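> Structure of the sequence below:
(2 chains)
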2 protein chains.
Amino acid sequence: MSACEFESLEKSLESHLPEVELSEVKRILFGKDTQKLDLPACAVSAAAEHDFELKGYRFEAAQEQLRPPRRIRVGLIQNHVVLPTDAPILDQVNAMHSRIGEMVEVAAMCGVNIVCFQETWTMPFAFCTREKEPWTEFAESAEEGNTTRFCQELAKKYNMVVVSPILEREGLHSTLWNTAVVISNSGNVLGKSRKNHIPRIGDFNESTYYMEGDTGHTVFQTQFGNIAVNICYGRHHPLNWFMYSMNGAEIIFNPSATVGALSEPMWSIEARNAAIANHCFTCAINRVGTEHFKSEFTSGDGKKAHHDFGHFYGSSYVAAPDGSRTPGLSRTRDGLLVVELDLNLNRQISDKWSFKMTGRYSEYAEEFTKAVRHDFKPNIVKE
Amino acid sequence: MSACEFESLEKSLESHLPEVELSEVKRILFGKDTQKLDLPACAVSAAAEHDFELKGYRFEAAQEQLRPPRRIRVGLIQNHVVLPTDAPILDQVNAMHSRIGEMVEVAAMCGVNIVCFQETWTMPFAFCTREKEPWTEFAESAEEGNTTRFCQELAKKYNMVVVSPILEREGLHSTLWNTAVVISNSGNVLGKSRKNHIPRIGDFNESTYYMEGDTGHTVFQTQFGNIAVNICYGRHHPLNWFMYSMNGAEIIFNPSATVGALSEPMWSIEARNAAIANHCFTCAINRVGTEHFKSEFTSGDGKKAHHDFGHFYGSSYVAAPDGSRTPGLSRTRDGLLVVELDLNLNRQISDKWSFKMTGRYSEYAEEFTKAVRHDFKPNIVKE
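Okay, the predicted model is just below:
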């Protein structure tokens, strides 16, 4: 069985483990069991008709006396590119709009309040090629581009916050950025969050196209909670998650594009660790499928030139502050993951585990400030 | 099956999954397969005779041109308390010395260079009781206590670095600390590392006994590599791992005492995330078994008073910077995990993934310094 055929970890465990062991294995691997969410029949049949996976789960919080529950629903969308990568740019973008449009319609049927798409969702992940043309033509204005307008329509139509990660072209200097546009459920652009950390590994040649983001760790206050967007490679940097949390994020989205052999064993670790360490929810989204490019390219690994980046393994999931997580979406199919969160859980877990209270942040800030100086002397004891 | 009966996740997967799926499941869960280490027959039979689990694995690194391999072996020891918790203190300590002595002898047969015991290894984890007496009598001088002398003998006899986490009594003011004593293979006390973060959760009433450590993030340069000790609850704090790494740690030990229902789903996440994020090896060690106390105590959860803390689930493991990890030791048995590491892997993975190079540490230090001020205004965008 090849890595692109293996459908999902969870399915494999459920097919083969005896029930009594399965429940222990799931507890150790995934924490407290997440309840399935009842989804409306119309959504289930629309998903089947449009050939994508639809799953729903619910994280519950204890009932408090002074605060009502703060139950909201997030939607995570993972998908293949629709057209071949050598189709005309505009056709590719329109086909992606159309695909996402039908998936968001189903999200709306499921009562989703905040939806997030995968990284640079309007285009193939073409940065492996190091070709500037035609890929930079996918870049759009965050504020006024066609894709933002399309998302504004969705947001208004469905009363839904839309997180739309695109390749951004900033007008004045034609600068490119990897940017998530956050659109309020009113349809207004609330702001944008640029990718803070840019990889230099394997075929992730993104540093050829854009630089580290300059939007810091902005948090967006929406009707459905305070959200932040930590794009892709930023999930490997615990400080990045931490700083979004320090600015008040209750849910941190991690729209990504990442491939099998390289990152898959880390995928289930990093976003989940961030949810635990920061008493918040994290939503990890990865694209699906293998994208083929017309020109061959090499990978800096001594191997022959080739035409694809490898298999994007999907497996999108949501992690909760109590250490539990939902099962992942498929490794091979388009999918929509609908998850109901009670945001009261964040403070409840903070009161229980107290990682922030016990974090000694002032001491760390001081120590850290010394440690980043070029003449820092590490504290190493020798015999 | 109760949580104290379930022996291990890995064993369950290996017993039931078809081979072709097992390899995919293991790749996704544990990363690159860790090779088994051939251990000498005398060690295998001594472990069987003394009734503890013995497992060995190896993490390899690529051969470099300019640096020879830096292969060393670490030993992680997890164990039950030997005597009932109401036996005379000195008998309990002596019984633990004797048990650890026989396990370290086997570690020596396996060529272990650095051994680490579990948190406060000479005593039951009695802080759940909130009784000061008799438990504070287990406290010893880090520099001159019987336990340190015992470990110095082991270190010299076996040419082994010994990390010995104890309850420390500091002489002048009779202050208690939760401290790891690091003893060089020469037999000299190299220094000590005090627990940086003290829990306030469930029955972890340690803040009743000792305060947050004052030894910062000391790294110990030994003949076998630069090591650091992040004790127990410190593993929930990514900044703690990070700062040990900033000071040059190549291996970070995490001697712990933690129980099932509370932390088990986090256990496989946190130390592993730290190994990934900091390009280093991490060694997570947890005690085993259920410890019964004579006086009943309550748990602040509205439930009836009881006599035990719950099941310490063992499951000690080593995580590597490439996202892979060893299988865990048993959840129920005493055990010695011998792992050969090539420390060259740290820099190789750093060169590959570049989390430090791309970490933007100066920006974070600045942002963080602002964020810890009491009058910090979080960066929240509203409509």
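> For the rest of this, base every contact and every neighbour count on C-alpha atoms.
Will do.
> Do you have the helices of chain A handy? List them.
A:9-16, A:19-30, A:41-49, A:89-109, A:146-158, A:238-246, A:260-278, A:344-353, A:361-371 (DSSP state H).
> what about stretch A:282-291 and chain B, touching?
No: Stretch A:282-291 lies out of reach of chain B by C-alpha under 8 Å from any C-alpha of the partner chain, never closer than 14.5 Å.
> Just the mean pLDDT for that stretch, thanks.
What stretch A:282-291 shows for mean pLDDT is 97.
> about what we covered before: may I see the helices of chain A arranged in CSV, with distance to chain B and mean neighbour count as well?
CSV is the format used below for the helices of chain A (distance: least, C-alpha to the nearest C-alpha, whole Å; neighbours: other C-alpha atoms under 10 Å in any protein chain shown):
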stretch, distance to chain B, mean neighbour count
helix A:9-16, 6, 16
helix A:19-30, 5, 18
helix A:41-49, 27, 15
helix A:89-109, 22, 19
helix A:146-158, 14, 20
helix A:238-246, 7, 23
helix A:260-278, 5, 24
helix A:344-353, 6, 19
helix A:361-371, 5, 18
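> Turn those helices into CSV, columns for distance to residue B:167 and mean pLDDT.
Compiled in CSV, the helices of chain A are given as follows (distance: least, C-alpha to C-alpha, whole Å; pLDDT from 0 to 100):
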stretch, distance to residue B:167, mean pLDDT
helix A:9-16, 42, 93
helix A:19-30, 30, 92
helix A:41-49, 58, 98
helix A:89-109, 54, 98
helix A:146-158, 58, 98
helix A:238-246, 31, 98
helix A:260-278, 26, 94
helix A:344-353, 23, 98
helix A:361-371, 24, 98
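> Throw those into a markdown table and include distance to residue B:16, thanks.
Below are the helices of chain A laid out as a markdown table (distance: least, C-alpha to C-alpha, whole Å):
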| stretch | distance to residue B:16 |
| --- | --- |
| helix A:9-16 | 6 |
| helix A:19-30 | 10 |
| helix A:41-49 | 32 |
| helix A:89-109 | 37 |
| helix A:146-158 | 46 |
| helix A:238-246 | 35 |
| helix A:260-278 | 21 |
| helix A:344-353 | 35 |
| helix A:361-371 | 46 |
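> For residue A:205, find the nearest of those.
The closest approach between residue A:205 and any of the helices of chain A, judged by C-alpha to C-alpha, belongs to helix A:260-278 at 14.4 Å.
> Put the alpha carbons of the closest one into CSV.
This file holds the C-alpha atoms of helix A:260-278, laid out as CSV (Å, rounded to 0.1, in the frame of the first residue of the first chain):
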residue,chain,number,x,y,z
GLY,A,260,3.8,13.0,3.3
ALA,A,261,7.3,11.7,3.7
LEU,A,262,8.4,15.0,5.1
SER,A,263,6.0,16.2,7.7
GLU,A,264,3.3,13.6,8.3
PRO,A,265,4.6,12.3,11.7
MET,A,266,4.8,15.9,13.0
TRP,A,267,1.3,16.8,11.7
SER,A,268,-0.6,15.3,14.6
ILE,A,269,1.8,16.7,17.2
GLU,A,270,2.4,20.4,16.6
ALA,A,271,-1.1,21.9,16.4
ARG,A,272,-2.2,19.7,19.2
ASN,A,273,0.7,20.7,21.4
ALA,A,274,-0.2,24.3,20.7
ALA,A,275,-3.8,23.8,21.8
ILE,A,276,-2.6,22.2,25.0
ALA,A,277,0.2,24.7,25.8
ASN,A,278,-1.9,27.8,25.1
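> elements contacting it?
helix A:238-246, strand A:281-286, strand A:306-313, strand A:317-319, helix B:19-30, helix B:260-278 (3 or more C-alpha pairs under 8 Å, 6 or more residues apart in numbering or on different chains; DSSP states H and E).
> Any chance of a markdown table for those, columns distance to residue B:334?
Output for the helices and strands packed on helix A:260-278, formatted as a markdown table (distance: least, C-alpha to C-alpha, whole Å):
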| stretch | distance to residue B:334 |
| --- | --- |
| helix A:238-246 | 33 |
| strand A:281-286 | 36 |
| strand A:306-313 | 38 |
| strand A:317-319 | 32 |
| helix B:19-30 | 23 |
| helix B:260-278 | 16 |
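> quick one: which of the helices of chain A is nearest residue B:33?
Per C-alpha to C-alpha, nearest to residue B:33 of the helices of chain A: helix A:260-278, 11.0 Å.
> What angle do helix A:238-246 and the closest one make with each other?
If you take axes from the mean of the first three to the mean of the last three C-alpha atoms, to 10 degrees, helix A:260-278 sits at 40 degrees to helix A:238-246.
> Let me see the ranges of the strands in the stretch 51-200 of chain A.
A:53-59, A:71-78, A:114-116, A:161-170, A:175-183, A:189-194 (DSSP state E, counting those that start in this stretch).
> Go through the fourth one and flag the buried ones.
By neighbour count, and taking 16 or more other C-alpha atoms under 10 Å in any protein chain shown as the criterion, the buried residues in strand A:161-170 are A:161-169.
> what angle separates it from strand A:175-183?
Going by the same axes, to 10 degrees, strand A:161-170 makes 160 degrees with strand A:175-183.
> now swap in the second one and tell me
Compare the direction of strand A:71-78 with that of strand A:175-183 by the same axes, to 10 degrees and you get 140 degrees.
> rewinding a little: name the nearest of the buried residues of strand A:161-170 relative to residue A:380.
residue A:165 (43.1 Å).
> show me the contacts for the nearest residue to the closest one once chain neighbours are set aside.
Leaving aside its sequence neighbours, residue A:165 sits nearest to residue A:180 (C-alpha to C-alpha, 6 or more residues apart in numbering or on different chains; 3.8 Å). Neighbouring residues of residue A:180 by C-alpha atoms under 8 Å, 6 or more residues apart in numbering or on different chains: A:119, A:163-166, A:192-195, A:229, A:231.
> can you pull up the bridge partners for residue A:180?
residue A:165, residue A:193 (DSSP bridges).
> Surely residue A:108 is in contact with residue A:158?
Yes: with contact defined as C-alpha atoms under 8 Å, residue A:108 reaches residue A:158; the gap is 6.0 Å.
> one step back: tell me which of the buried residues of strand A:161-170 is nearest to chain B?
When these are ranked by distance to chain B (C-alpha to the nearest C-alpha), residue A:161 comes first, at 12.0 Å.
> Quick check: residue A:41 vs residue A:298, distance?
Counting by C-alpha to C-alpha, to the nearest Å, the separation of residue A:41 from residue A:298 is 47 Å.
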